[in-house]
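Colleague: how would this look folded up:
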Amino acid sequence: MTSFGRSFLVLASCYFFTVYSRPRAFHLRNMDSFIRAVEKVEDSNPGLSPLALVRALRRTAGHDDVMTIHYLGASNNLTDAEVLETAILNASSFSFFDKAIHHIVTNYGEERGVVLAPDGTTVALAPLLLGIESGLKAQAEGTPPEGIFSLTLGRTLGLSFLSLKDFPPSFRLGPNGCWDSVDHPKLFKLSRPATLATDAVINGGMDGAILGTDLGGLPAPEEPPALSGVLKGYYSFVLGEGRGLDTVTRHVSARRREASRAILEPLDLHSQVMETLALVWRLEKTEWIACDTGVATAVKSGLEEFEHKYWDCPQIIPRCQWRAKAHQGTPIPLSIPLQFLYVHHTYEPSSPCLSFPNCSRDMRAMQRFHQEDRGWDDIGYSFVVGSDGYVYEGRGWKHLGTHTRGHNAIGYGVSIIGNYTAALPSRHAADLLRHRLVRCAVDGGWLAANFTIRGHRQAVNYTSCPGDALFSEIRGWEHFGE
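Modeller: Model (predicted):
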């Protein structure tokens, strides 16, 4: 790393999070707990506006940096009534909200200021709340939202790209991590050293951009919903039987990648990030950084990686999140890129899974059956698609599966949870495989560009998998081969 990169990394790290080694008291860290705490404040303060509440939360977490003040104003620059409401908030809930919102990464790789959402993803609260505040401020003033992208994603992405510009683009974003417990989450440990733009920070940023844009688009006379209502509607949705996400028309967390892309892709993201960085440097009086000739190139390559990783690829729930057992023995590496993708249905479980808890339960049941009844080393599939909006990691991209006898070394096996003999999976679940996972595989170098899709039954003569209905469907897909 160049001396510029080292000095910039130190500057950016100090700006966004502090690294601590001193242990802190644990508390339950999921979105439901955060929403309940917000509801408690709302219930004890009738008439409290959501804008005043979100400003008070920002003040509690100490997020009054110069760029935030530039767009949103200082959180302590409130009316007398709002000061009183903030004092009530601080007196009753300061400790909880401070720990829940203030984002840091310890030198042991623990990420704080993040919560586990009901859909199984992890979300940083700070960028989420900044986006919501920006939208509420615009709605209250009757003006277009200003600075939503800069506050939620632009600043973080730009500084992460530059701080690690001497590294390959894939190392400038992420990583994801694992919770100590999905049922009672207290500690979130990252899978590798953190960048400024961890997956949780990006998830929170995308959610903040979506919700802030939605709130900012409400008519000025309209009373905005309570903050707890905004969060519940987005994170605590329940999918009904039938077509799952196909019937959902509003924005929900399971569709954050599609929704954020629809909102942000029309923008010139390169110009937006460059303008955000220029603003940060002007406000921080560090304009000398702009003299580095590699800034534009670092942003360009970083954004290409961002679009691939967080827009082209589907969200993949890692093994640790669905509580997979360890692989028995030593995984066998694949020789990539592979030439084939074999489509399966699980048959049993026979019903589509519509939530993270149910999909995780199905994954564990299949792994248990494959390991204990069939004597395999692990769950057989490379990946499994749920009807909850997510793909679940099985053997993954790198390791040999046990899914298509005689063909495991030359193709990935991807199964959709459910029995598709007579019915089709939801359109959203099918598209996760047909478009998102396939594009991710090709662009990531895991699948050959001229790959072939085949049904399980085409490779072996003893199964009707992936079911008559699904097999008839995939015969019309691009790259299908007889």
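
Colleague: Please make it C-alpha for all contacts and neighbour counts, starting now.
Modeller: Will do.

Colleague: Against Tyr462, how distant is the residue most central in space within the chain?
Modeller: The chain has Asn203 as the residue nearest its centroid, 3.8 Å off, counting by C-alpha atoms, centre = their mean. Distance, Asn203 to Tyr462, using C-alpha to C-alpha, to the nearest Å: 43 Å.

Colleague: ok, back up a step: make sure the residue nearest to the centre of the chain is indeed in a helix.
Modeller: Yes - counting by DSSP: H, G, I helix; E, B strand; the rest coil, Asn203 falls inside a helix.

Colleague: Assess the claim that it and Ala126 are in contact.
Modeller: No - with contact defined as C-alpha atoms under 8 Å, Asn203 does not reach Ala126; the gap is 10.9 Å.

Colleague: quick one: contacts for the residue nearest to Tyr235 when sequence neighbours are not counted?
Modeller: Residue nearest to Tyr235 in three dimensions, not counting chain neighbours: Ser253, with 5.6 Å by C-alpha to C-alpha, 6 or more residues apart in numbering. Shown in contact with Ser253 (C-alpha atoms under 8 Å, 6 or more residues apart in numbering): Asp119, Asp207, Tyr234, Tyr235.

Colleague: OK, contacts around the closest residue to the first one other than its chain neighbours?
Modeller: Using C-alpha to C-alpha, 6+ apart and skipping residues adjacent in sequence, the residue nearest Asp119 is Phe356, 5.2 Å away. By C-alpha under 8 Å, 6+ apart, Phe356 lies in contact with Pro118, Asp119, Gly120, Asp388.

Colleague: Between those, which sits nearest Glu305?
Modeller: Gly120 (23.3 Å; C-alpha to C-alpha).

Colleague: how many neighbours does the closest one have?
Modeller: Neighbours of Gly120 under the rule other C-alpha atoms under 10 Å: 20.

Colleague: Torsion angles phi and psi at the nearest residue to Glu39 once chain neighbours are set aside?
Modeller: Nearest non-adjacent residue to Glu39, counting by C-alpha to C-alpha, 6+ apart: Ser228, 5.9 Å away. For Ser228, the backbone dihedrals (degrees, to the nearest 10) come out as phi -60, psi -40.

Colleague: how many other residues sit next to Ser228?
Modeller: 19.

Colleague: now Ala254
Modeller: What Ala254 shows, counting by other C-alpha under 10 Å, is a neighbour count of 21.

Colleague: tell me the contacts of it?
Modeller: Going by C-alpha under 8 Å, 6+ apart, Ala254 touches Asp119, Asp388, Gly389, Tyr390.

Colleague: Just the ones in strands from these, please.
Modeller: Judged by DSSP state E, strands contain none of these.

Colleague: need these in TSV with distance to Asp64 and neighbour count, can you?
Modeller: Listed next are these as TSV, based on distance: C-alpha to C-alpha, whole Å; neighbours: other C-alpha atoms under 10 Å:
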residue	distance to Asp64	neighbour count
Asp119	30	21
Asp388	37	24
Gly389	35	25
Tyr390	35	25
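
Colleague: shaky segments in the stretch 101-250 of the chain?
Modeller: Applying pLDDT under 70 to the stretch 101-250 of the chain flags residues 242.

Colleague: those strands in it, which residues are they?
Modeller: According to DSSP state E, counting those that start in this stretch, the stretch 101-250 of the chain carries its strands in the segments 104-105, 111-112, 114-116, 122-124, 177-179, 188-190.

Colleague: Ok, which of those strands comes nearest His428?
Modeller: His428 lies closest, by C-alpha to C-alpha, to one member of the strands of the stretch 101-250 of the chain: strand 122-124, at 21.6 Å.

Colleague: Can you list the strands that that closest one pairs with?
Modeller: Here strand 122-124 has these sheet partners by DSSP bridges: strand 114-116 (antiparallel).

Colleague: The partner strand: how far from the chain's middle?
Modeller: 11 Å (C-alpha atoms, centre = their mean, to the nearest Å).

Colleague: Repeat that for stretch 249-263.
Modeller: Centre to centre, stretch against its chain (C-alpha atoms, centre = their mean), the figure for stretch 249-263 is 11 Å.

Colleague: tell me how far the ends of that stretch are from each other?
Modeller: Terminal residues of stretch 249-263 lie 15 Å apart, using C-alpha to C-alpha.

Colleague: just to revisit the earlier point, is it possible to export the contacts of Phe356 to JSON lines including distance to Phe306?
Modeller: Listed next are those as JSON lines, based on distance: C-alpha to C-alpha, whole Å:
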{"residue": "Pro118", "distance to Phe306": "24"}
{"residue": "Asp119", "distance to Phe306": "22"}
{"residue": "Gly120", "distance to Phe306": "21"}
{"residue": "Asp388", "distance to Phe306": "23"}
